[in-house]
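[1] My questions are about this predicted structure, shown below with the sequence.
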Amino acid sequence: MAVLRTVRFPDRRAGALAQTDRTVSLPMTISRRRLVVAAALAAAAGFTACAAPAAQGGKAARPGKSWPGAGPITLIVPFAAGGEVDAMARLIGRKLSERLRQCVVVDNVPGAGGVLGVSKAVKSPADGYTLLMGSDGPVGIAQLLSSSVRYDTQRDLVPVGLVAVAPVVAVARPGLPAHHLQELIALARSRPGALSYATVGAGSLPHLAMEMLQERARVRMIHVPYRGSAQILSEVMGGQVDVGMLAAASATPLVRQKKLVGLGVTSAQRIEALPGVMGFGEVPELKGFELNAWSGLFAPAGTPEAVVARLSSELVQVLQMPEVRKALEEGGVTPGDGSAAEFAGFLSREKASYAQIVKSANMLGE
């Protein structure tokens, strides 16, 4: 059996990096869900668990030797500990560690909306010992919006497998005279430029979703960017902003508890976790609308094909585990299939969609 040990990562980041961090720890009402609780408790103490490999003389195998060797695999998460992407990384990292009999260490590198973490990953050795838990914002959208983003994810990263997909949920502040998406659109038309909506940052996927909605429905609302979902929840529940765009894992428990009104989910149809909340695609003006958040596993470009194939194969097996599927689905997330080939096709389609929205909404340079 694998032996578990813990590795501590003290947070030495401060100043500018801390100020640009867009993911913060979730309130207890959110983190009670199985997936987030396990990650939040481990993250709060700065620890992650991993399975020790079989003894191989205590030296890490590098290119030219058998992979995986005795050295740890670093899994970079481009956001702070405690958020949704971090929770998935810790869940998947633990299961990969058990299957590979190899220590998988989560390294949180927050800052600049995830760009700093992705930048670190693309500069890492392509030897199979550094992986990235990437997501839509820093991997799919960032380079479309700013020339200061130096990496090209199609050139600099190799897709290993899609981990999870989930819609963004639009929620209303208490007292807003709108109980579903069609009522929100009607209200926005009657009050041009008066309603506000909050996202985790300019150029984020929730921001793109609302720009797409406004263009198709021909309404205009004020965008208020925040650094994380906890801030959005506080402001929406306090009535400071009218609408919050939140990850399904954050919004689902509060909508179910009727603490927030679910206006819509950014998918073509309703989702099983929130059957009473309409899909954006159900609105006549938004027919065919679908824009989902996602997380996936990547390796630096140049990583040996055999290593990528092994990782992809193991990820497929992990995502088929009943306990993993249950943990993800309870958070309103749909597990991916883990296949590298399917993930590559998915990324190509998503990036084309992002580019179209950015162009039509004139978001370049935000």
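    That came through fine. Numbering: from 1, shown residues only.

[2] From now on I want contacts and neighbour counts done on CA atoms only, so please keep to that.
    Fine.

[3] Which parts of this protein are helices?
    16-20, 28-31, 34-44, 84-100, 115-122, 142-145, 153-156, 181-190, 205-217, 229-237, 248-256, 305-319, 322-330, 340-360 (DSSP state H).

[4] Quick one: the ones you listed as JSON lines, columns for mean pLDDT, distance to A299 and mean neighbour count too.
    Below are those laid out as JSON lines (pLDDT from 0 to 100; distance: least, Cα to Cα, whole Å; neighbours: other Cα atoms under 10 Å):
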{"stretch": "helix 16-20", "mean pLDDT": "34", "distance to A299": "24", "mean neighbour count": "13"}
{"stretch": "helix 28-31", "mean pLDDT": "36", "distance to A299": "29", "mean neighbour count": "16"}
{"stretch": "helix 34-44", "mean pLDDT": "42", "distance to A299": "22", "mean neighbour count": "19"}
{"stretch": "helix 84-100", "mean pLDDT": "94", "distance to A299": "14", "mean neighbour count": "23"}
{"stretch": "helix 115-122", "mean pLDDT": "97", "distance to A299": "8", "mean neighbour count": "22"}
{"stretch": "helix 142-145", "mean pLDDT": "92", "distance to A299": "18", "mean neighbour count": "20"}
{"stretch": "helix 153-156", "mean pLDDT": "95", "distance to A299": "9", "mean neighbour count": "16"}
{"stretch": "helix 181-190", "mean pLDDT": "97", "distance to A299": "39", "mean neighbour count": "17"}
{"stretch": "helix 205-217", "mean pLDDT": "94", "distance to A299": "22", "mean neighbour count": "20"}
{"stretch": "helix 229-237", "mean pLDDT": "90", "distance to A299": "27", "mean neighbour count": "21"}
{"stretch": "helix 248-256", "mean pLDDT": "88", "distance to A299": "26", "mean neighbour count": "22"}
{"stretch": "helix 305-319", "mean pLDDT": "96", "distance to A299": "8", "mean neighbour count": "19"}
{"stretch": "helix 322-330", "mean pLDDT": "91", "distance to A299": "22", "mean neighbour count": "17"}
{"stretch": "helix 340-360", "mean pLDDT": "92", "distance to A299": "11", "mean neighbour count": "15"}
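
[5] Would you mind giving those helices as a markdown table with distance to L132 added?
    Formatted as a markdown table, the helices of the chain follow (distance: least, Cα to Cα, whole Å):
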| stretch | distance to L132 |
| --- | --- |
| helix 16-20 | 19 |
| helix 28-31 | 23 |
| helix 34-44 | 17 |
| helix 84-100 | 9 |
| helix 115-122 | 6 |
| helix 142-145 | 16 |
| helix 153-156 | 12 |
| helix 181-190 | 35 |
| helix 205-217 | 19 |
| helix 229-237 | 22 |
| helix 248-256 | 21 |
| helix 305-319 | 12 |
| helix 322-330 | 19 |
| helix 340-360 | 14 |
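
[6] For L263, find the nearest of the ones you listed.
    Nearest of the helices of the chain to L263, taken as Cα to Cα: helix 181-190 at 4.9 Å.

[7] Contacts for the closest one next, please.
    177-178, 194-195, 217-221, 263-264, 278, 280, 283 (Cα atoms under 8 Å, 6 or more residues apart in numbering).

[8] ok, of these, which one's closest to L116?
    Minimum distance to L116 across the contacts of helix 181-190 is 30.1 Å, recorded for M221 (Cα to Cα).

[9] quick one: the closest one and T153, what's the gap?
    As defined by Cα to Cα, to the nearest Å, M221 lies at a distance of 32 Å from T153.

[10] Please apply the same query to G203.
    16 Å.

[11] quick one: contacts for G193?
    Taking Cα under 8 Å, 6+ apart as the test, what G193 contacts is 220-222.

[12] just the buried members of those?
    Buried by 16 or more other Cα atoms under 10 Å: 220-221, out of the contacts of G193.
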